[in-house]
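In: Quick one: sequence plus predicted model below, questions after.
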Amino acid sequence: NVTGWLEKNKDPLNDTIVEMMKNGTNSLLIKCFADHPGQPLENPKDDGGRKKKGGGKTVSSYFKGQLDDLMVTLYKTEPHFIRCVVPNTHKQPGGVESGLVMHQYQCNGVLAGIAICRAGFPNKMPYAEFKGRYNILAAKLVAKAKNDKGAAAAVLDTIKLDKEKFRLGHTKVFFRAGILGFMEEVREDK
């Protein structure tokens, strides 16, 4: 239950402890506290007896800052899904129980998703993008093509790609797994 977690954890972090963690040998702790201000290098100057509002950085404010950073990172990417996998039942770092991990993948449907992708055409590219990217492979035939679909067909015929490895849809070219990598290699060789 995380209800009220931030309110319950407003304890300030002791700057001395934070400084010790930042200067320690545990790489995880060093990473976690890397952006925490820690102890000031100079003694604070007396500002005439006025007190600042807010106090030090609390556990919850530090957590909120890390959560904000994570969300910024997630919004910059385009994840299709996120799966959390428990690597072992002993809560030991670096330990992996392969049977446990595979069971989680099976229950989450990850293995089924991979099987579906491998059986079908998981990669796709709009004709206009395909034409722009792979035009170099058959420039004369692409110029003669009536439309983008015809241009894509001409390129794929020129490189003699097996018809079982791709399909031409109404608006996109569909490829089996690994074929886009092959296409990039052919393009680089040209």
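Out: Structure's in. What do you need?

In: ok, and what's touching stretch 90-108?
Out: Stretch 90-108 is contacted from outside by R83, V85, V86, P87, N88, T89, L111, A112, using Cβ atoms under 8 Å, 6 or more residues apart in numbering. Quick note: C-beta positions are derived from backbone N, CA and C, even for glycine.

In: what do you get if the cut-off is 6 Å, keeping everything else the same?
Out: R83, V85, P87, N88, L111 (Cβ atoms under 6 Å, 6 or more residues apart in numbering).

In: Quick check: end-to-end length of that stretch?
Out: End-to-end distance for stretch 90-108, by Cα to Cα, to the nearest Å: 21 Å.

In: What of stretch 107-123?
Out: OK, stretch 107-123 end separation, Cα to Cα: 25 Å.

In: can you pull the buried residues of that stretch?
Out: With burial defined by 16 or more other Cβ atoms under 10 Å, the residues of stretch 107-123 counted as buried are F121, P122, N123.

In: Which residues are in contact with the second one?
Out: P122 makes contacts with A177, as judged by Cβ under 6 Å, 6+ apart.

In: before we move on, back to that, of the contacts of stretch 90-108 - the most surrounded one?
Out: P87 (16 neighbours; other Cβ atoms under 10 Å).

In: now that one, what's its secondary structure?
Out: Look at P87: counting by DSSP: H, G, I helix; E, B strand; the rest coil, its state is coil.

In: dump the residue contacts of it.
Out: V96.

In: let's go with 7 Å and repeat that
Out: G95, V96, E97, V101 (Cβ atoms under 7 Å, 6 or more residues apart in numbering).

In: Can you check the pLDDT for it?
Out: pLDDT for P87: 90.

In: Next secondary structure after the host helix or strand of M20?
Out: According to DSSP states H and E, M20 maps onto helix 15-22. Sequence order places helix 27-32 as the next helix or strand after helix 15-22, per DSSP H and E.

In: buried sites along the helix ranked longest in the chain?
Out: Counting residues, the longest helix found in the chain (DSSP state H) is helix 59-76. Going by neighbour count (16+ other Cβ under 10 Å), the buried part of helix 59-76 is S61, Y62.

In: quick one: contacts of it?
Out: Residues outside helix 59-76 that contact it (Cβ under 7 Å, 6+ apart) are L6, N9, K10, D11, L13, H36.

In: I17 versus the third one, what's the distance?
Out: When you say that, I think you mean K10. 16 Å (Cβ to Cβ, to the nearest Å).

In: chain center to the lowest-mean-pLDDT helix or strand in the chain: distance?
Out: Here the helix or strand of the chain ranked lowest by mean pLDDT, DSSP states H and E is helix 5-8, holding a mean of 75. Its chain's average C-alpha position is 29 Å from that of helix 5-8, according to Cα atoms, centre = their mean, to the nearest Å.
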